[in-house]
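Visitor: Take this sequence and fold it.
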Amino acid sequence: MNWNRIAKIIRKEFIQLRRDPRLLRIVLAAPVFQLFIFGYSVTTDVTHISTAVLDEDHTSASRALTESFVRSRYFDFDSDLSRPDQVDRLLDTGKAQMVLRIGRGFARDLARNRAAQVQIILDGSDSMTASIISGYANGVISGYSTRVAAQRLDRIRSRIPSVPALDGRLRVWYNPELKSVYFMVPGIMCSILLVVTTLLTSLAIVKEREIGTLEQLIVTPIRPSELMLGKTVPFVIIGFADMTLVLLAAVLWFRVPVAGSIPLLFLLSFVFLLTTLGIGLFISTVSRTQQQAMMTTFFFLLPSFLLSGFMFPIENMPRPIQLITYAIPLRYFLVIVRGIFLRGNGLAVLWPQVVVLAAFGIVIMSLAAARFRKRLG
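Guide: Numbering: from 1, shown residues only. Below you'll find the model as predicted:
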């Protein structure tokens with residue numbers, strides 16, 4: 001293997017990249033732009049929930065419950081309803097995501113130590129958002145109920161020397177403020193690395209074939225292995241450059257903390273790049289045009305996003321789909337990156353994912369190299 005020839009091919013790739021301003025912008029500017037777009041838009045946090053109130057009790061207790069929702073800062077009270085038939089119109093037109101209905105006798109039931117009922121009516125057309133709103137609403141109601149019970153208990157304590165109580169204290173590790181951006185941004189970084197390296201690698205060989213320069217390379221003394229290395233090494237460098245830019249934006253702009261080792265993150269990212277470059281190289285050998293390569297790449301990328309745990313928990317998927325996710329390399333890389341970012345995990349914890357990812361990389365790269373040599377031959 002002649003490293004001088006490999007270096008010449010690498011230099012040729014960067015010269016071609018420099019002469020294509022549009023591709024250069026896609027390679028360097030697009031990943032950071034995507035991080036900003038997805039970092040702000042792809043979030044599980046639901047705020048500013050448009051809410052209407054139908055208070056049929058009109059007591060200080062019902063007003064106190066409404067104030068509890070206001071203080072939570074999740075709910076925006078836009079409408080005060082006076083009749084039950086107004087609820088349907090608001091939900092049908094989408095002007096309210098939730099209606100809080102407090103029935104007559106709410107304060108009376110509390111005063112008589114009965115279970116006072118409150119109705120929460122949700123727009124379930126978006127099931128995920130409705131589920132999150134339901135959790136917020138139940139939390140506010142639970143907090144209000146706890147305060148009412150504490151007031152009654154204080155009066156009892158004045159007459160009884162000792163009353164047994166359970167003091168539950170919640171502690172959240174790794175993400176105390178429960179910011180979804182801390183979870184999503186590392187996942188976006190993984191996805192961008194997957195898209196850029198796979199797509200560019202799949203187009204590289206096909207582009208040479210379309211413009212007729214691949215045949216010129218074949219008749220030179222360059223060996224297939226040297227040509228394959230010369231074609232893939234530039235994208236390793238580009239992948240790490242994009243990863244550095246995205247990492248800087250994540251830490252400096254989104255303030256995502258990195259609890260683990262940055263060198264370990266880059267080292268394990270190289271293991272992941274073996275799979276993405278291998279997949280891109282394999283796609284380039286089965287495609288005749290750049291359009292075919294692009295369509296095949298996106299056919300692979302979409303299941304990777306949906307089934308890797310990037311947005312949807314794998315545990316919530318049907319069992320047959322969960323088995324399919326084991327064949328997706330992005331699944332293991334997400335665990336690695338999020339573990340390093342949020343938990344500060346090292347190899348002692350992440351080694352199972354590293355071993356599987358390395359096995360994927362070796363197998364995929366070997367198959368792609370064999371196919372590549374056969375195609376050139």
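Visitor: low pLDDT regions in the chain?
Guide: 1, 23, 42-45, 154-168, 214-219, 373-377 (pLDDT under 70).
Visitor: Now do the helices in the stretch 101-250 of the chain.
Guide: Taking DSSP state H, counting those that start in this stretch as the criterion, the stretch 101-250 of the chain contains helices spanning 106-111, 127-157, 180-211, 213-218, 224-252.
Visitor: Tell me which other helices or strands the first one touches.
Guide: Helix 106-111 sits against helix 60-71, with contacts defined as 3 or more CB pairs under 8 Å, 6 or more residues apart in numbering; DSSP states H and E. Where C-beta positions appear, they are placed from N, C-alpha and C, glycine not excepted.
Visitor: Out of the helices of the stretch 101-250 of the chain, flag the one nearest Arg288.
Guide: Nearest to Arg288 among the helices of the stretch 101-250 of the chain is helix 180-211; the distance by CB to CB comes to 7.3 Å.
Visitor: Quick check: buried residues in that closest one?
Guide: Residues of helix 180-211 classed as buried by neighbour count (16 or more other CB atoms under 10 Å): 181-209.
Visitor: ok now that helix, how far from the chain's centre?
Guide: Offset of helix 180-211 from its chain centre (CA atoms, centre = their mean, to the nearest Å): 16 Å.
Visitor: Packing partners of that helix?
Guide: Under the contact definition 3+ CB pairs under 8 Å, 6+ apart, helix 180-211 sits against helix 21-41, helix 213-218, helix 224-252, helix 262-286, helix 290-307, helix 329-338.
Visitor: Find the residue closest to Leu65 in space, skipping its chain neighbours.
Guide: Spatially, and ignoring its direct neighbours in sequence, Leu65 is nearest to Tyr144 (5.4 Å; CB to CB, 6 or more residues apart in numbering).
Visitor: any idea how far that neighbour is from Phe77?
Guide: Computed as CB to CB, to the nearest Å, the Tyr144 to Phe77 distance reads 16 Å.
Visitor: ok so, going back, in this structure the residue nearest to Leu65 contacts Arg63, no?
Guide: No - at 11.6 Å, Tyr144 and Arg63 do not qualify as touching, with contact defined as CB atoms under 8 Å.
Visitor: More neighbours: the two, which one.
Guide: Set Tyr144 next to Arg63 and count neighbours by other CB atoms under 10 Å: Tyr144 wins out with 19 against 15.
Visitor: tell me the centre residue of the protein?
Guide: In the chain, the residue lying closest to the centroid (CA atoms, centre = their mean) is Met184, at 3.8 Å.
Visitor: Please spell out which residues along stretch 101-114 are buried.
Guide: The neighbour-count criterion (16+ other CB under 10 Å) identifies Arg101, Ile102, Gly103, Gly105, Phe106, Ala107, Asp109, Leu110 as the buried residues of stretch 101-114.
Visitor: Equivalent analysis for stretch 237-253, please.
Guide: Ile238, Gly239, Phe240, Asp242, Met243, Leu245, Val246, Leu247, Ala249, Ala250.
Visitor: Would you mind writing the CA trace of that stretch as PDB?
Guide: The C-alpha trace of stretch 237-253 is given here as PDB (Å, rounded to 0.1, in the frame of the first residue of the first chain):
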ATOM      1  CA  ILE A 237     -11.900  14.500   8.600                       C
ATOM      2  CA  ILE A 238     -15.100  16.300   7.500                       C
ATOM      3  CA  GLY A 239     -17.100  14.300  10.000                       C
ATOM      4  CA  PHE A 240     -14.800  15.300  12.900                       C
ATOM      5  CA  ALA A 241     -14.900  18.900  11.700                       C
ATOM      6  CA  ASP A 242     -18.700  18.900  11.700                       C
ATOM      7  CA  MET A 243     -18.800  17.200  15.000                       C
ATOM      8  CA  THR A 244     -16.400  19.900  16.500                       C
ATOM      9  CA  LEU A 245     -18.600  22.700  15.200                       C
ATOM     10  CA  VAL A 246     -21.800  21.100  16.500                       C
ATOM     11  CA  LEU A 247     -20.200  20.300  19.800                       C
ATOM     12  CA  LEU A 248     -19.000  23.900  20.300                       C
ATOM     13  CA  ALA A 249     -22.500  25.200  19.400                       C
ATOM     14  CA  ALA A 250     -24.100  22.700  21.800                       C
ATOM     15  CA  VAL A 251     -21.900  23.700  24.700                       C
ATOM     16  CA  LEU A 252     -21.500  27.400  24.100                       C
ATOM     17  CA  TRP A 253     -25.000  28.300  22.800                       C
END
